[in-house]
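S.K.: Fold the following, please.
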Amino acid sequence: MATEVTVHGVCPHDCYDTCGLRVQSNGESITRISGDPAHPLTRGYLCLKVNRYMERLYHRDRLLYPLRRTGPKGAGEFERVSWDQALTEIARRLRETLEEYGGEAVLPYSFAGNMGYLSSGALDARFFGAIGATQLDRTICTASGNAALRWVFGSCIGPDPETIPLARSVLLWGANPMATNIHQVPLLDEARRAGARIWTVDPLRTDTAARYDRHLKPRPGTDLALALGLGQELVRTGRYDRQMVMEMSEGFDRYCELAEPWTLTRTSEVTGIAIDALRELADDLAAARPLLLRVGYGVQRQRRSAATVWAISALSLLTGAWRDVGGGLLLSNGDAFAPRPLGGPQPETRAVNMVQLGHALCDLEDPPVRALFVYNSNPAATAPDQARVLRGLAREDLFTVVHEQMPTDTAKFADFVLPAAMAMEVWDLHTSYWHRYVQMSTPAAPPPGEAVSNPEFFRRLSRALGLSDPSLQADDQTLMREALDTDHPYMSGINLESLSENPVQRLRIAKETRPFLDTPITTPTGKFRLIPPPGTAVERWEDARDLGPAEFELLTPSSRETIKSSFGNVASLRQSHPKPELLMAQEDMHRLGIGDGKPVLVQNDRGSLELIAVPSTVPQPGTAVSYAVRWNAEAGGRNVNQLTSSELADFGGGATFYATRVRITPLGDAARSEHPAG
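M.R.: Here you go, the predicted model:
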């Protein structure tokens, strides 16, 4: 009779919380997944999505065996083959590509479908380095914001989120923790009960904005103007921390020059926020202590991404917010962790920005991309400029291998699909970009069928290709030991043995430690930079608000039911919104003659999409919302990324998903025939 076992697991998805899990199994299969109450921050409860994880784990569509394509690309027609058959054919095709075109004709594409340290950036990086493949710049989510933080402060470190209850004013800027950081909500609530005032700056009336005290709704893309306007008011009235600015920063004169034109009057005109509200917020920034600026990654998915994060960061310096425990600016704590990189040395090869996958597949030459390996990602649904991405994936001369858990949109274009294990079935190490806990995830049961972990997939691939470097065959325990073999003081004493006894361990840094006052400023000069990042052109403001009668700014944020496409086929998460929707202000729908629940055509020069219009108080007039991202099959083979651009942000190479302008028109029967969804 099977014995019931319980192990510590970790949610692997791209989320601030990095929840601790309690995973139970009978030794053969997992029987229950719940929150681990021993985790000090995630405290035994899970978000809506992860509470449905059993549905995903043993979904009827879970991929269990290797598959070889038998039909046209994109049709999803496959036959089952053995691992040996698949690997033999993949190795043959790969050798042909390497011999004819060289390693740079091979492109790996992956992101944060599994953020485990072994599952991303370990044996995969060693394998692609060994064959000299094109390198992928993994920029699609946080690149510009993180680049701006490192420009200003030298590293991506903020206050410990466990000190949030100490704050007496919290400014949530482009952050919606009710949907994307649920374990922050109790900390905010605790601060509020103790007297804190909580502001939300967001163009949308999110659940977070509705929950807290004051909500300012800037027009989309005007966050930079708002930050400069607030800074100008603090400087103009002399309410700034002169000592911090003069002794700990450089570039104050340049900052003042750039902020000087942004009077409250001009800021109000550009952002759409009333002058009285701007003045009220400036007064709170100047007076309240501790002051926490909690910035979300939403602010850096626009063209002026890094400039915006720089300008908000400047407010944390002007106010002296870093002086107080519980104060400062928190966008990421990712650089607080210091495991050893596992990818090994990489050759000098060309790089492709993942935001521009469509360009790489359709236009890149010398050499062209002839082999594509996709894992931890679903670019057919999640990459911008989708029409071009799908054209590239449909190339018959592109050999595509996908390591996946489900028959995703990308998997349907693969020549071979190899079944992937899920996080609860493999060993891994996890850090966080929000809290300060290292965790070890222990497999609760073996993967079903013939599914394998990412490291095992690349071990097999290396053997099939005849690569002899022993490091390509390192086992999971060896990889974890290597990652934890660091002399960084924050990681002192955290090793494989200690994690085996206690799989949730706090970094060796006190909660009360104030970043950059009690720790070094790691910029080249040892000072904060009030000079904007290079190339951001802060002084050249172009406010293109000349929207036509049917034109809208389209925002595509995450909802509480999604982490991009990872839960796209979990039926219980789609029940409340069974079809892809477009949220619009009631007055916009009335003006355009659009009925509640009626189809509309949303289009621009990149593509078009049919969506169901729904009246909502979430968007302001002139703005529309479609939550990202649904699987393409739900809208005739496409989703909202038909409309988003592969244009790069101002600094750091990030994506510009929130710089999308569209036309919206009612879609009657005649129009539907002219603009089919498929």
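S.K.: mind listing the helices for the stretch 551-678 of the chain?
M.R.: If DSSP state H, counting those that start in this stretch is used as the criterion, the helices of the stretch 551-678 of the chain fall at 586-592, 669-674.
S.K.: and stretch 325-339, which residues are buried?
M.R.: The neighbour-count check on stretch 325-339 (16 or more other CB atoms under 10 Å) flags 325-337, 339 as buried. (Glycine included, C-beta is placed from N, CA and C.)
S.K.: still on that earlier bit, which one of the helices of the stretch 551-678 of the chain has the lowest average pLDDT?
M.R.: Per-stretch mean pLDDT for the helices of the stretch 551-678 of the chain is lowest at helix 669-674 (a mean of 44).
S.K.: circling back: between the buried residues of stretch 325-339, which is nearest residue 59?
M.R.: Proximity of the buried residues of stretch 325-339 to residue 59 was ranked by CB to CB; the top entry is residue 334 with 30.8 Å.
S.K.: Enumerate every residue touching residue 652.
M.R.: Taking CB atoms under 8 Å, 6 or more residues apart in numbering as the criterion, residue 652 is in contact with 139, 143-148, 305-306, 533.
S.K.: Over to residue 206?
M.R.: 176, 178-179, 200, 557, 618.
S.K.: before we move on, back to that, I'd like the contacts of residue 652 as CSV, with pLDDT appended.
M.R.: As requested, the contacts of residue 652 are exported to CSV (pLDDT from 0 to 100):
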residue, pLDDT
139, 96
143, 97
144, 97
145, 97
146, 98
147, 98
148, 98
305, 97
306, 97
533, 97
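S.K.: Just give me the closest of these to residue 414.
M.R.: residue 139 (23.7 Å).
S.K.: Would you mind stating the distance between the residue nearest to that closest one when sequence neighbours are not counted and residue 356?
M.R.: Ranked by CB to CB, 6 or more residues apart in numbering and with sequence neighbours excluded, the top spatial neighbour of residue 139 is residue 653, at 4.4 Å. Residue 653 sits 9 Å away from residue 356, taking CB to CB, to the nearest Å as the criterion.
S.K.: who touches the longest strand along the chain?
M.R.: Ordering each strand of the chain by length in residues (DSSP state E) puts strand 607-615 first. Around strand 607-615, the neighbours that count as contacts under CB under 8 Å, 6+ apart are 386-387, 579-586, 589, 594-603, 626, 635-636, 638-640, 642-643, 664, 667, 672, 675, 677.
S.K.: Could you look up the SS state of residue 90?
M.R.: Using DSSP: H, G, I helix; E, B strand; the rest coil, the secondary structure recorded for residue 90 is helix.
S.K.: That one reaches residue 464, doesn't it?
M.R.: Yes - counting by CB atoms under 8 Å, residue 464 is a contact partner of residue 90 at 6.7 Å.
S.K.: Could you measure from residue 329 over to residue 40?
M.R.: Here the distance between residue 329 and residue 40 works out to 23 Å (CB to CB).
S.K.: Kindly apply the preceding question to residue 79 instead.
M.R.: Taking CB to CB as the criterion, residue 79 is separated from residue 40 by 49 Å.
S.K.: For these two, indicate the residue with more neighbours.
M.R.: Legend: neighbour count by other CB atoms under 10 Å for residue 79 and residue 40, higher for residue 40 (13 against 10).
S.K.: so who does the more buried one touch?
M.R.: Going by CB under 8 Å, 6+ apart, residue 40 touches 162, 437, 504, 506.
S.K.: With residue 620 instead?
M.R.: Taking CB under 8 Å, 6+ apart as the contact definition, residue 620 lies against 203-205, 217, 219, 272, 585.
S.K.: nearest to residue 403, of these?
M.R.: For the contacts of residue 620, the minimum distance to residue 403 (CB to CB) is 35.3 Å, reached by residue 204.
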